[in-house]
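> Sequence first, predicted model second:
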There are 2 protein chains.
Amino acid sequence: MEVFMGHPLTDDLGFLLSRASGAVVRATNAALTSHGLRVRQYSVLVLACDAADGVTQRELADVLGLDPSQVVLLVDELAGAGLVERRPSEADRRTRLVVATDAGRRVRADAERAATEAVEVPLGLLAEAERERLRDMLTRIWTAAG
Amino acid sequence: MEVFMGHPLTDDLGFLLSRASGAVVRATNAALTSHGLRVRQYSVLVLACDAADGVTQRELADVLGLDPSQVVLLVDELAGAGLVERRPSEADRRTRLVVATDAGRRVRADAERAATEAVEVPLGLLAEAERERLRDMLTRIWTAAG
DNA sequence: TCGGTATCATGGAGGTTGTCAACGATGGAG
DNA sequence: CTCCATCGTTGACAACCTCCATGATACCGA
């Protein structure tokens, strides 16, 4: 692997970004399978758990940067597993609020521990100050690229 | 979008990584379509151009972190477009050396300009020192996650 | 020299993701 | 009431990832 360092490609930020992202996602996915989740589903579950009164699927799509049609399937799967449920919204009958069940909250807590532990190896070697810097840079890249 | 900042998820490095990576890849892909390339093919083309005596498909797979079966298809497409060609290796007859053609080198030069320009917006706002720091961190994450 | 084992390129299956178009139901403005 | 936007949903299609199998070739030990 060291053989390739210094090559134009391995210095390309886009390439490094995609490579690092893939590695982290892969590690996280591996840790989540024992809980019956993939990262995507886990993200939805987290957002549903943290929203006091549930989340609109539209909001989920916006936050996660997904097409609404993907959110439908993710919520279907989570609902099928009994981790969330769809409730009608009183304010807007077009929308359906995704709310975490008690089982969902329990699974989320377990899965969160597993996920955190899984990325401890690749991300833990960064000092907290570095991680903060990385967070800042990634956020700026994301908002600039829209 | 600003509404969601500060949420546990939007602070998660894995999430930010995948989000930023996706944005950059999307932007790069958009810039490359006018040259008939996707990022994957472009990466292969770059490596083929920079290797004096061609690259083994195995090496391509290792450097890019792809399954060898994917490399076959990418090289097929590039070869179909006349940008690279497969040459038998004298040293090892199992392998086939992927070598860039003159047309391939021309396209690479044009595509490189387009790709660089495309990520100027999201990545250009980072100072050079910051970019160096980002490169370093991403490389460490990648090597640690293997 | 021979035989077993490993490696390379390739093909194929199966599942996940990204993107887009359409549709019915509902909300909101004029 | 009418026109237009929005939400969830479905369907289609291309790209991508992962794993397994195979034929050809290389390498190593007996």
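It's in.

> longest helix of chain A?
helix A:13-32 (DSSP state H).

> Report whether it contacts DNA strand D.
Yes. On the criterion CB under 7 Å from any atom of the strand, helix A:13-32 is in touch with DNA strand D at A:Gly22, A:Arg26. In this view, the C-beta of every residue, glycine as well, is placed from N, C-alpha and C.

> Would you tell me what the next helix or strand after that helix is?
helix A:39-50 (DSSP states H and E).

> Need the residues that contact that next one.
The list of residues contacting helix A:39-50 from outside it, by CB atoms under 8 Å, 6 or more residues apart in numbering or on different chains, reads A:25, A:28-29, A:32, A:37, A:54-55, A:59-60, A:63-64, A:66, A:70-71, A:74-75, A:77-78, A:83-84, A:98-100, A:104-105, A:107-108, A:111-112, A:115, B:7-9, B:14-15, B:18.

> let's see 6 Å
A:25, A:28-29, A:32, A:55, A:60, A:64, A:74, A:77-78, A:83-84, A:98, A:100, A:104-105, A:108, A:111, B:9 (CB atoms under 6 Å, 6 or more residues apart in numbering or on different chains).

> Would you write a ChimeraX line that selects the buried entries of those?
A single ChimeraX command suffices to select whichever of these are buried according to 16 or more other CB atoms under 10 Å in any protein chain shown:
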select /A:25,28,29,32,55,60,64,74,77,78,83,84,98,100,104,108,111 /B:9
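
> What about the contacts of helix A:39-50, which are in strands?
A:Val55, A:Val84, A:Val98, A:Ala100 (DSSP state E).

> what does the model give the residue positioned nearest the centre of chain A for pLDDT?
Among the residues of chain A, the one closest to the centroid is A:Ser43, at 3.8 Å (CA atoms, centre = their mean). pLDDT, A:Ser43: 97.

> which stretches of chain A have low pLDDT?
A:1-6 (pLDDT under 70).

> That one against chain B: which residues are in contact?
Residues of chain A lying close to chain B (CB under 6 Å from any CB of the partner chain) are A:4, A:9, A:13-14, A:16-21, A:23-25, A:27-28, A:46, A:63, A:119, A:121-123, A:125, A:134, A:137-138, A:141-142, A:144-145.

> which among these end up buried?
Buried among the residues of chain A next to chain B (16+ other CB under 10 Å): A:9, A:13-14, A:16-21, A:23-25, A:27-28, A:46, A:63, A:119, A:122-123, A:134, A:137-138, A:141-142, A:144-145.

> one step back: out of the ones in strands among the contacts of helix A:39-50, who's nearest chain B?
Checking the ones in strands among the contacts of helix A:39-50 against chain B with CB to the nearest CB, the nearest one is A:Val55 at 10.7 Å.

> these two touch, right, that closest one and A:Val98?
Yes. In this structure, A:Val55 is within contact of A:Val98 by CB atoms under 6 Å, at 5.1 Å.

> May I have the distance across stretch A:46-58, first residue to last?
Start and end residues of stretch A:46-58 are separated by 16 Å (CA to CA, to the nearest Å).

> does DNA strand C sit close to that stretch?
No. Counting by CB under 7 Å from any atom of the strand, DNA strand C has no neighbours in stretch A:46-58; the shortest distance is 11.3 Å.

> quick one: that stretch near DNA strand D?
Yes. Judged by CB under 7 Å from any atom of the strand, stretch A:46-58 and DNA strand D are in contact via A:Thr56, A:Gln57, A:Arg58.

> Any chance of those residues in a markdown table with neighbour count and distance to A:Asp92 as columns?
Below are the residues of stretch A:46-58 next to DNA strand D laid out as a markdown table (neighbours: other CB atoms under 10 Å in any protein chain shown; distance: CB to CB, whole Å):
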| residue | neighbour count | distance to A:Asp92 |
| --- | --- | --- |
| A:Thr56 | 18 | 8 |
| A:Gln57 | 21 | 12 |
| A:Arg58 | 13 | 10 |
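
> Identify, from those, the entry nearest to A:Arg93.
A:Thr56 (12.1 Å; CB to CB).

> so who does that closest one touch?
A:Thr95.

> redo that, cut-off 8 Å
A:Ser89, A:Thr95, A:Arg96, A:Leu97, A:Val98.

> same deal with A:Pro68?
A:Gln57, A:Arg58, A:Ala61.

> on that earlier part again, the longest helix of chain A vs helix A:39-50, what angle?
Per axes from the mean of the first three to the mean of the last three CA atoms, to 10 degrees, the angle that helix A:13-32 makes with helix A:39-50 is 70 degrees.

> Okay then, goodbye and thanks.
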